[in-house]
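> The amino acid sequence is not available; the structure is as follows:
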């Protein structure tokens with residue numbers, strides 16, 4: 001997937017999810033069990049080889065007791 005095709009939000013959100021997961025010593029398998037997302041899909045998401053839906057990002061975050069908050073920001077020029 002070309003970088004230009006990726007959503008603006010997903011890379012930053014994914015990086016935060018990975019950081020939080022590792023900080024709390026959770027494995028991809030732990031997230032899989034808690035979220036119902038198959039572990040290979042979590043691996044693809046975390047390696048940024050997949051463009052996740054908001055539902056998948058939300059399920060991942062919820063599995064760690066977190067919510068995703070979206071806000072509007074001025075575009076970088």
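That came through fine. Computed from a prediction, not measured in an experiment: that's the story for all the values here.

> Any regions of this protein where pLDDT drops low?
Scanning the chain for pLDDT under 70 picks out 1-9.

> Can you pull up the most central residue in the chain?
The residue lying closest to the centre of the chain (CA atoms, centre = their mean) is residue 14, at 3.5 Å.

> give me phi/psi at that residue?
Here the main-chain torsion angles of residue 14 (degrees, to the nearest 10) amount to phi -60, psi -40.

> tell me the contacts of it?
Residue 14 makes contact with 45-46, 48, 52, 57 under the criterion CB atoms under 8 Å, 6 or more residues apart in numbering. All C-beta atoms are positioned from the backbone trio N, CA, C, and that covers glycine.

> This protein: helices as residue ranges?
Counting by DSSP state H, the chain has helices at residues 10-23, 28-35, 39-46, 54-62.

> Distance to residue 68 added to the ones you listed, as a markdown table?
What follows is these, written out as a markdown table (distance: least, CB to CB, whole Å):
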| stretch | distance to residue 68 |
| --- | --- |
| helix 10-23 | 6 |
| helix 28-35 | 13 |
| helix 39-46 | 13 |
| helix 54-62 | 5 |
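
> I'd like to know which of the ones you listed lies nearest to residue 71.
Nearest to residue 71, of all the helices of the chain, is helix 10-23, at 11.7 Å by CB to CB.

> That closest one vs helix 54-62, what angle?
Angle of helix 10-23 versus helix 54-62, following axes from the mean of the first three to the mean of the last three CA atoms, to 10 degrees, is 20 degrees.

> Mind listing what's buried along helix 10-23?
Buried residues in helix 10-23, defined by neighbour count with 16 or more other CB atoms under 10 Å: 10, 13-14, 17-18, 21.
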